[in-house]
Every structure is written in C-alpha cells, then in structure tokens.
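next come a sequence and a model predicted from it.
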Amino acid sequence: SQQGEEDPQALSIQEGENATMNCSYKTSINNLQWYRQNSGRGLVHLILIRSNEREKHSGRLRVTLDTSKKSSSLLITASRAADTASYFCATALNSGGYQKVTFGTGTKLQVIP
Amino acid sequence: NAGVMQNPRHLVRRRGQEARLRCSPMKGHSHVYWYRQLPEEGLKFMVYLQKENIIDESGMPKERFSAEFPKEGPSILRIQQVVRGDSAAYFCASSTGANVLTFGAGSRLTVL
C-alpha cells in the first residue's frame, strides 16, 4: 500500500519562485527521503532526513520533518526550468537489518521559464 | 561504476506470453527492490530481495508474478501469462540495506 500522500498533485510556478511540496505518511519511520523523476526516467535521490532531525538543507533544497504530525515538506528555492520533474517522498522503516522503502504518490512540478 | 542496469528497456509481449525483466544492482549492493509505475502515478512497491532471499513480497500479486535474486547473476522479475493490465514501467533499485536507493532507468512493458 502507498505509505505517503503528497500535496499538491501538480504545481505550476514561474522560474525564480519557490516551490513547496508536502508529504504525509501513516506509520513509524527511520528516515524520510525525497526523490526526483524526470519524465520517462528512473528516480534520483535528492535528500534524506532522519527521524530525529527536524530540518535539513542541500543547495536550493530545504526539507522539514514533523514526526508528531507524520508530515514532511520539500522546498525548492529560486526554481529553474530544469527543476521541472515529479518529486516523490519515500519513507524508510528498518527492521532486522532490512530497510523497506515505500513511496508516495508524487507531486508533478512545472517551472515555466 | 555502471550503476543499476535494467534490461530490456522496452519489452512488447502479446497476452499470454511471459515477460522477464532483469536488474543488475550497483556494485557493492546486495539489496534489490522492484517497483511498478503506471503512467502519471507513483511507484508501487512489489518485492524486496537480498541475495538468494525474498525479504518482503507483500506488494506482489500472488499469481503469475515471481522474483528471484540468485547468488550469481541479476535479479529477475518474471510475469507469466501477461495481461494488458500488466503494461507499466517496472523499476529496480538497489542499496546496501540502509538509506538511499539507487534506481535503474526502468523497463517498460507493453502488452498487446
């Protein structure tokens, strides 16, 4: 079953604006990851935030995690046309040396030049 | 380091035929995941394997679908007696068992 639900499903912004995507999940996690998928391609890992972290930055990306609300957000600042892609959150739960990773439904981002 | 290699990239089968999708994980990775993606949708978990073991197959249909990851060679996702509803992109990812997944480019199955 899908673990994460993302909001919005689709987002269209002008180049230079910020894009915020949200992810809600249902069960306990060890970490939450964000991935990007360009049309017709495989997913590429962007950033990982552990369950004991609240915020993490990587370049123009900022991720927050609120485990009490079981939610995360991904902020892309100063967006570029090249940021156009689908973005997925993924929750990871470790058990007995194994890590199950379950993906959300995704947000389709379009950045208009 | 060639990353995760999936083949074939595109596969066309007629209803009732078998489809075999192969995935060679990244060097040093012993954990393999298979996901299925329908157009404009998210990734649905199918199966999680480690060398010679199926760790979690809760997302795999009970009939017609099987997966293996032998001691030598790639992981294989096998779909017997394909139906039109099996048409999708099938993605493989590998990891060390912790943290980040590295994805392959996917195999696109079309059932006529």
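Happy to help now that I have it.

from now on I want contacts and neighbour counts done on CA atoms only, so please keep to that.
Fine.

list the strands paired with the helix or strand containing residue A:56, with their directions.
Here residue A:56, judged by DSSP states H and E, is contained in strand A:55-58. Paired neighbours of strand A:55-58 in the sheet (DSSP bridges): strand A:61-66 (antiparallel).

what lines up beside whatever helix or strand comes next after the strand it pairs with in the sheet?
Later in the chain than strand A:61-66, the nearest helix or strand by DSSP H and E is strand A:71-76. Strand A:71-76 pairs in its sheet with strand A:19-24 (antiparallel), strand A:61-66 (antiparallel), by DSSP bridges.

please save the CA atoms from the last one in CSV.
By that I understand strand A:61-66. The C-alpha trace of strand A:61-66 is given here as CSV (Å, rounded to 0.1, in the frame of the first residue of the first chain):
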residue,chain,number,x,y,z
LEU,A,61,16.6,22.3,-1.2
ARG,A,62,15.2,22.5,2.3
VAL,A,63,13.4,19.6,3.9
THR,A,64,11.5,19.6,7.1
LEU,A,65,10.1,16.7,9.1
ASP,A,66,7.5,16.7,11.8
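
buried ones in the longest strand belonging to chain A?
The single longest strand within chain A, with elements called by DSSP state E, is strand A:85-95. For strand A:85-95, the neighbour count (16 or more other C-alpha atoms under 10 Å in any protein chain shown) marks A:85-94 as buried.

before we move on, what about stretch A:27-43?
Those would be A:29, A:31-37, A:42-43, for stretch A:27-43 by 16+ other C-alpha under 10 Å.

could you do stretch B:77-86 as well?
In stretch B:77-86, counting by 16+ other C-alpha under 10 Å, buried: B:77-79, B:81-83, B:86.

out of those, which one sits closest to residue B:112?
Distances from residue B:112 to those, taken as C-alpha to C-alpha, are shortest for residue B:83 (8.3 Å).

give me the nearest residue to the closest one, chain neighbours excluded.
residue B:15 (5.1 Å; C-alpha to C-alpha, 6 or more residues apart in numbering or on different chains).

next, that neighbour: secondary structure please.
coil (DSSP: H, G, I helix; E, B strand; the rest coil).

which bits of chain A sit near chain B?
Contacts of chain A with chain B, taken as C-alpha under 8 Å from any C-alpha of the partner chain, map to A:1-2, A:31, A:33, A:41-45, A:48, A:88, A:92, A:94, A:97-100, A:102-106.

alpha carbons only: can I get stretch A:45-55 in PDB?
Presented in PDB, the C-alpha positions along stretch A:45-55 are these (Å, rounded to 0.1, in the frame of the first residue of the first chain):
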ATOM      1  CA  HIS A  45      17.800  10.600  -4.700                       C
ATOM      2  CA  LEU A  46      17.800  14.200  -3.500                       C
ATOM      3  CA  ILE A  47      18.000  14.300   0.200                       C
ATOM      4  CA  LEU A  48      17.400  12.200   3.300                       C
ATOM      5  CA  ILE A  49      16.200  13.300   6.700                       C
ATOM      6  CA  ARG A  50      16.400  11.000   9.800                       C
ATOM      7  CA  SER A  51      13.500  10.700  12.200                       C
ATOM      8  CA  ASN A  52      15.400  12.600  14.900                       C
ATOM      9  CA  GLU A  53      16.100  15.600  12.600                       C
ATOM     10  CA  ARG A  54      13.700  18.400  12.000                       C
ATOM     11  CA  GLU A  55      15.300  20.300   9.100                       C
END
